[in-house]
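[1] what would the 3D arrangement of this be:
(one chain, ligands or ions: 1)
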Amino acid sequence: MTDSPFIALDFPTGEEALRFLQPFEGKANVKVGMELFYKEGPAILRELKARGYGIFLDLKLHDIPNTVKSAMKILAQYEVELVNVHAAGGVRMMEAALEGLEEGTPAGKTRPRIIAVTQLTSTDEASMRADQLIEQSLEQSVVHYAKKAQEAGLDGVVCSVLEAKMIEEACGKDFLKVTPGIRMASGETHDQKRVATPQFARENGSTHIVVGRAITQAADAVKAHAEVNALWKGQ
Ligand SMILES: O=c1ccn([C@@H]2O[C@H](COP(=O)(O)O)[C@@H](O)[C@H]2O)c(=O)[nH]1
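    Numbering: from 1, shown residues only. Below you'll find the model as predicted:
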């Protein structure tokens, strides 16, 4: 897995996603989320892999440990680079996810890395308090979930850029901090609440960034991707 941005392929069909990707010629990382996976199933993963894309399969599993373990065993067979769960499922659920992934990874293949969503980047402190009845600050909640993910043996977390440095201090540099909610300085924020630019992500502890609409809805997606990548890499 290179550290180039994951392009969020939030498209309703595989045909549209593959058409969008044509000019990238396999030279990008992509994120397949619920919309595309529920429509196309594992076939889209095979197609993307065959074309050379690095894949983050973003299905955010959250269920009882036994169910998550069984599901992860199956996801492991798709040989993607990265998968995820919700940290709110608890330490035992995250341990079970890792067990399933380890058991399901084909012999001789590398286990996909597994990360946990802390607080969605569409959540702010007010909505967290109202919806989840959490009294701590949003940062405390995110760092708490990151520590729990580490305790369960996971490779990292999904968080916003705004918490990445705190997680680095709590969990170390090698612990992944995968950060969606990336916007160019003048970009529209849409439904995201905790946003930051690619250069702010580089300077503040993100290990990987996820970029959707700032690239997929740009008039020239290849140019937008190159701009994001240059800011992210400090070029
Ligand atoms: O906390 C989270 C977890 C996942 N996402 C996903 O990332 C992309 C972001 O898309 P944008 O268009 O760049 O806003 C999207 O697929 C989400 O499902 C997230 O945004 N926040």
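[2] helices of this structure, start to end?
    Secondary structure of the chain (DSSP state H): helices at 14-21, 34-40, 42-50, 65-76, 91-104, 125-132, 138-151, 161-171, 198-203, 213-216, 221-233.
[3] run the chain-centre distance for the shortest one.
    The one in question is helix 213-216. Here the centre of helix 213-216 is set off from its chain's centre by 15 Å, with Cα atoms, centre = their mean, to the nearest Å.
[4] so what does it touch, helix or strand wise?
    With contacts taken as 3 or more Cβ pairs under 8 Å, 6 or more residues apart in numbering; DSSP states H and E, helix 213-216 sits against strand 6-8, helix 221-233. In this view, the C-beta of every residue, glycine as well, is placed from N, C-alpha and C.
[5] how does it look with 10 Å?
    Contacting helix 213-216 under the criterion 3 or more Cβ pairs under 10 Å, 6 or more residues apart in numbering; DSSP states H and E are the following elements: strand 6-8, helix 14-21, helix 221-233.
[6] for the ligand, what is the nearest residue in the chain?
    G212 (2.5 Å; Cβ to the nearest ligand atom).
[7] surely that residue and V195 touch.
    No. Applying Cβ atoms under 10 Å, one finds G212 not in contact with V195, separated by 11.8 Å.
[8] show me what from this structure comes close to the ligand.
    8, 10, 33, 117, 120-121, 158, 180-182, 190, 192, 210-214 (Cβ under 6 Å from any ligand atom).
[9] show me these that map onto strands.
    Applying DSSP state E to the residues of the chain next to the ligand, the entries found in strands are 8, 117, 158, 210-211.
[10] redo the residues you listed as TSV? Include neighbour count, pLDDT and distance to D63.
    Conversion of those to TSV gives the following (neighbours: other Cβ atoms under 10 Å; pLDDT from 0 to 100; distance: Cβ to Cβ, whole Å):
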residue	neighbour count	pLDDT	distance to D63
A8	23	99	23
V117	24	99	14
V158	31	99	18
V210	23	98	23
V211	25	98	28
